[in-house]
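Student: turn this into a structure:
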Amino acid sequence: MKKSGEKAADKLPKAQGSLSQGVDAPADNGALAQPASGKLADEPCRGGEPCRKGGSLFDGVAALDVDARKKMLKAALAHFGDDCLCVLSDRELDSLRVGICVLNRDYRIVWLSRAMEEFFGLKRNEIIGRDKRELLGQGCTGLFEPSRELKDKLFECYRNNTYVEHFECYFPADGGRGERWLEHWSQPIESGLYAGGRIEHYYDITEHKLTEKVLRSSGAFLRTIISSVNEGIIVFDRELRYQLWNEFMEVLTGIPARQVLGRSAIDFLPHEEVEEVLTMLRKALQGRTVRSGEMLYWVPTTGKKGWVRAVYSPRTEGSGGVLGVVATYFDISERKQTMQRLQESEDKYRSIYNAARDAIVIVDSATGKIVDANDSACQLYGYSHSEMLQQKAFDLSAEPEKTLQAMRAEVTEIALRYHRTKDGSVFPVEISAGFHDQGGQRLITAIMRDVSERRRAEEALQLSENNLRQLAAKLLTAQEHEQKRMSRELHDELGQSLLALKLQVRSIEQKIGTRRQKLRHKCSEMLSYIDELLRNVERLSRDLSPLILENLGLTSALRWLFEDFSRRTGIESRLHIAGLDDLFSPASQILIYRVIQECLTNAAKHAHASQISLRVHRHEWFVTFEIEDDGRGFDAAKVAAAASMERGLGLAAMEERVRMLGGVLSIDSGEQGGTKISFEVPTSGR
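Tutor: Predicted structure coming up:
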C-alpha cells in the first residue's frame, strides 16, 4: 500500500485477530456468540440445531480443491446463515485457504482471513477499518487486472446490494510475489451483527488457470501436429460420425473437412471395401485396436484414388469408457506404385533372363556358391535348376584355379575359358561378368556363351585363310617365275629377232643407191621403229623380271627404279637408303622390289604427285621402308574396311607380299592430300 494508505490505517482501531472483535463490536463483550476460549458454542443456532459437535465445522477443508471449498462454504452459509461466521474461530477460518473479507454496512473492512494477506501482500492491521471503496479507488487498483472492471463491478453491486460471482482477476508478479489468479465472490449479509454489510470471498484459481493455459497450449500444439503430420487422422464419435478430418485427409481425398464433419461413416466412406472398414470401426468401438491390410480408396466426386493402410484405435475417457474411434491412415500409393513397377520390371527382366540364349548364373563372390541360374545355363551344363543351386562356380570350370583367380581379381571379360558339363564334357566359353552388392552380399552376374561352334568356324576360317595365303603366295611365286620366263623370252627371242631384223634393214639401206632416196627414207623410219620396239621389249622384260636385281642387288635396283620412274613420269624422286643387299634373301628382295614398284605406279596413276621419296631405316632385327608422296590422298580407313576386291588387286597384292615377308603394311593418307606407306621387314641375311 502507498504511504497515504498506511496513515489512514493508523487512525483506525487495532484488530485483535478475532472476527467478534471487529470495529463494530461492543467494548464490553470480548466475543459475539462465542466463548472467550474461541471454542464453538454447543447451544443451538438456527432451527435449534447445534452449530457443531466436536471439532471444527471445516476440519480438512484445506485439503479440498477450489470447487469443493466453494460448495462447502456456500452450503454453510445457506444452512447456518451469516451467523455461522460468528461461531468459527479465526484459526478455523484461516484454515480454509480462502480469502474472506467481511464489510460492515459502511463498507469498512471488519475482518480478513490470513489468505487475504497472502493474496494481496498486505497486513491485517493495515487494512481492518479501512473503507473498501476507498481502497479500490486509491491504492489497490494497480495490484490486479482488470482493476477498473472489478472496481466498477463492485461499486455497482454495493449500490444495488446485488451479488458478484465468478469474477476472475489477475495479479501480476511483483517483487517476491508470484503471479496469481483469483476468483472473486461478493454477497450481502442479510442478518446478524453485520447485517447490511457484505462478505467477499477470493478463491485462488492460479493452478486451475495455469492448467487451462497448459491445456490450451497443448491443444494448439496437438492441433498443429494433427495438421502437419504426413498421415491422415480421422476421429469418430460413438455413433461413427466424423468429428475430425485433418488436412492430410483433405489432400488425400480432395474433400474439405466441412463436407465431412458431422456425417456418418455409414453414409460416406472413401473406400472400396466399405463393409470391411465398418467392421473394423465397430471392433474399435468395442475397445480393440485393429490394423488393416492394404486398402484401395476411391472418391468418385474428386476422382482421387490410391492405396492406404489404416489403424483403428478406441478413443477412451479417463474412466476407460470408449468415446469413439481414432483412425490413422498411411498413404502407401507411391510405395504401392513403386512395388508394382518393381514387380513389372522384375517380371520383364525375369522373362528376358530366362529367355536369353546365353547361360547366366549369379554367384556369391565370398563362397562361390551359385544363387541363381537361368534356363539356358541349366541346359548348357546339363543340371536341373535345383541341382545348379547346389553347385559352386568353380565346379562348372575345367580350369578351377583360373576361375577362382578371376573371381578374386573381379575380372569382367574372359575371352576363352574351358568349362565342364554334368557328364564331364569340356567345351569353350566366353565370359562377361559384372559385380554388385545386394543385401550385404557381393554378387557376380556371369554370362557364359558357348563358343564351340564359333571356335570350330574360326578354326575352319583360319585354316581356309592359311590355305588362301599359301595359295596366294604360290600364285605370286608362280607369277614371278612366269614373268621371269616371259622376260627372258622377250629378251632372248623377241629382242634377238628384232635386233636381227634391224641388221637386215640396215643392210638393205646400205645396198640401196643414192638414186632411190624415197626407199632409203623408208628404211630409216623402219630402223627407228625397230629401235622403239627394242626399247619397249627391254622395258617390258625389265618390268616382268628386273635382271638388275639379280645382277647388282636390291640397293642398285631401287636406285635404277626411281631414276627410271622420274625419267618416264617427270615426278621428282628422293632416296635415302643404305646397303640392303646382304640383309634379305633373293626371294625377299623380289617381294620388296614389287611392293615399292606398286607404290610408284599408284603415285603416278592415281595420286598425281609432284614428288615422291623413299626412306629406309635399319634396325637391329628389322628394316623399315617408308614411301611418301605429296599427291592426292584418300580415306585410308574406308579403304582398309572395304573388301579385298573393292580395294583393287594392287593394294591386295602389296599386303600379301608384305605378309609373306613377315611384316605388316601401314597406310597413312587423308583426303586433304599426301600418302605415306610404310612396312617393316625382319632381316634374315642370305
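
Student: per-domain residue ranges of this protein.
Tutor: 3-209, 229-337, 356-450, 452-545, 546-682 (automatic domain parsing).

Student: closest one to L215 among those domains?
Tutor: domain 3-209 (10.4 Å; Cβ to Cβ). Heads up, the C-betas are built off the backbone N, CA and C, glycines and all.

Student: before we move on, back to that, would TSV of the domains of the chain with mean pLDDT and mean neighbour count be doable?
Tutor: Shown next, in TSV, are the domains of the chain (pLDDT from 0 to 100; neighbours: other Cβ atoms under 10 Å):
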stretch	mean pLDDT	mean neighbour count
domain 3-209	64	16
domain 229-337	87	16
domain 356-450	90	16
domain 452-545	78	13
domain 546-682	83	17
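
Student: could I get those as CSV with distance to S218?
Tutor: Listed next are the domains of the chain as CSV, based on distance: least, Cβ to Cβ, whole Å:
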stretch, distance to S218
domain 3-209, 15
domain 229-337, 16
domain 356-450, 44
domain 452-545, 78
domain 546-682, 81
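
Student: and of the ones you listed, who's closest to R223?
Tutor: Of the domains of the chain, nearest to R223 by Cβ to Cβ is domain 229-337, at 9.1 Å.

Student: off-centre distance for that closest one?
Tutor: Centroid separation for domain 229-337 versus its chain: 32 Å, with Cα atoms, centre = their mean, to the nearest Å.

Student: ditto for stretch 555-568
Tutor: 73 Å.

Student: now what about it, what contacts it?
Tutor: 546, 548-549, 571-573, 575, 577-581, 589, 593, 596-597, 600, 604, 612, 614 (Cβ atoms under 8 Å, 6 or more residues apart in numbering).

Student: kindly list the longest helix within the protein.
Tutor: In the chain, taking DSSP state H as the definition, the longest helix is helix 452-489.

Student: other SSEs contacting that one?
Tutor: Using 3 or more Cβ pairs under 8 Å, 6 or more residues apart in numbering; DSSP states H and E, the elements in contact with helix 452-489 are strand 426-438, helix 517-544, helix 586-602, helix 649-660.

Student: one step back: tell me which of the contacts of stretch 555-568 fall in strands.
Tutor: Per DSSP state E, strands hold the following members of those: E572, S573, L575, I612, L614.

Student: enumerate every residue touching the nearest residue to K392 once chain neighbours are set aside.
Tutor: Excluding the flanking residues, the one nearest K392 by Cβ to Cβ, 6 or more residues apart in numbering is G368, at 4.3 Å. For G368, the contacting residues are K392, A393, F394, L404, M407, by Cβ under 8 Å, 6+ apart.

Student: and the gap between G368 and S376?
Tutor: Distance of G368 to S376, given as Cβ to Cβ, to the nearest Å: 21 Å.

Student: same question for K474.
Tutor: From K474 to S376 the distance is 45 Å (Cβ to Cβ).

Student: distance of S541 relative to L494?
Tutor: 9 Å.

Student: same question but for K305, I mixed them up
Tutor: In terms of Cβ to Cβ, K305 sits 101 Å off from L494.

Student: G254 touches T302, doesn't it?
Tutor: Yes. Counting by Cβ atoms under 8 Å, T302 is a contact partner of G254 at 3.2 Å.

Student: hang on, the earlier thing: so after the longest helix of the chain, what's the next helix or strand?
Tutor: Using DSSP states H and E, the helix or strand that follows helix 452-489 towards the C-terminus is helix 495-511.

Student: which residues does that next one contact?
Tutor: Against helix 495-511 from outside (Cβ under 8 Å, 6+ apart): R520, C523, S524, M526, L527, I530, D531, L533, L534, V537, E538, S541.

Student: just put those residues in TSV and tack on distance to G663.
Tutor: As requested, the contacts of helix 495-511 are exported to TSV (distance: Cβ to Cβ, whole Å):
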residue	distance to G663
R520	58
C523	54
S524	52
M526	50
L527	48
I530	44
D531	42
L533	39
L534	38
V537	34
E538	32
S541	29
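
Student: closest one of those residues to D668?
Tutor: D668 lies nearest to S541 out of the contacts of helix 495-511, by Cβ to Cβ, at 34.5 Å.

Student: excluding chain neighbours, what is closest to D372?
Tutor: I362 (4.3 Å).

Student: that neighbour in helix, strand or coil?
Tutor: strand (DSSP: H, G, I helix; E, B strand; the rest coil).

Student: likewise for E126?
Tutor: helix.

Student: got it, and A377?
Tutor: helix.

Student: would you check that it makes contact with I362?
Tutor: No. Shown here, A377 and I362 do not form a contact pair, counting by Cβ under 8 Å, at 9.8 Å.

Student: quick one: contacts of stretch 629-637?
Tutor: 603, 606-613, 667-675.

Student: give me the distance from that stretch to the chain's centre.
Tutor: That offset, for stretch 629-637, works out to 53 Å (Cα atoms, centre = their mean).

Student: can I get it as CSV, trimmed to CA atoms?
Tutor: These are the backbone C-alpha positions of stretch 629-637, laid out as CSV (Å, rounded to 0.1, in the frame of the first residue of the first chain):
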residue,chain,number,x,y,z
ASP,A,629,54.2,-38.6,-101.9
ASP,A,630,52.5,-35.2,-101.9
GLY,A,631,49.8,-36.2,-104.3
ARG,A,632,46.0,-36.6,-103.9
GLY,A,633,45.1,-38.6,-100.8
PHE,A,634,42.3,-41.0,-100.0
ASP,A,635,40.3,-42.2,-96.9
ALA,A,636,42.6,-44.9,-95.7
ALA,A,637,40.2,-46.1,-93.0
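
Student: not counting residues beside it along the chain, what's closest to R357?
Tutor: For R357, the spatially nearest residue (Cβ to Cβ, 6+ apart) is S376, at 5.8 Å.

Student: ok, now K402?
Tutor: In space, K402 is closest to R417, 6.7 Å off (Cβ to Cβ, 6+ apart).
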